[in-house]
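**Q** I need the structure of the sequence given here:
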Amino acid sequence: SKQNQSELEYVTNLLERILTLLPTLVHQRWQAHCICNVIKRYFVVCNSPQGVARGMRLFLLWYQILGSNAVEEEHSLFKGLIRNWNQTLVGTRASGENNHTDEQPAAAF
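**A** Next up is the predicted model:
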């Protein structure tokens, strides 16, 4: 509904501010469970590519801030997001498209 979208937009703007203005606190896992739940809503509630892209952007920003403090749940979410993206790349290269030999392999995490 329109009200749910409005609330999600408000929470997203607030979360973006928290992530950009308080990275030290976020790195210490402050409100990690709540932040994870908000980000997961983008992958469950949003049915538009723009919504999912925004969720991925927020997750990657949060995951980068957590760094070594990320726990298995966050690692699994990251692997799931990257797995889907990586399968698309592998499928494209296998079909002969975008086959550049000068590319460097991606760094392992």
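**Q** where does this protein dip in pLDDT?
**A** Within the chain, the stretches with pLDDT under 70 are 84-109.
**Q** Could you pull out the helices in it for me?
**A** 2-21, 23-27, 32-44, 49-66, 72-94 (DSSP state H).
**Q** now those helices in TSV, with mean neighbour count?
**A** Where you see a C-beta, it was placed from the backbone N, CA and C, and this is true even at glycine. Shown next, in TSV, are the helices of the chain (neighbours: other CB atoms under 10 Å):
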stretch	mean neighbour count
helix 2-21	12
helix 23-27	15
helix 32-44	15
helix 49-66	16
helix 72-94	12
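**Q** roughly how far apart are the closest residue to Pro23 other than its chain neighbours and Leu21?
**A** Nearest non-adjacent residue to Pro23, counting by CB to CB, 6 or more residues apart in numbering: Ile65, 4.9 Å away. Computed with CB to CB, to the nearest Å, the distance linking Ile65 and Leu21 is 11 Å.
**Q** same deal with Cys46?
**A** Counting by CB to CB - Cys46 and Leu21 are separated by 24 Å.
**Q** before we move on, what about Glu74?
**A** Distance from Glu74 to Leu21, by CB to CB: 21 Å.
**Q** Likewise for His33?
**A** 20 Å.
**Q** Alright, calling it a day.
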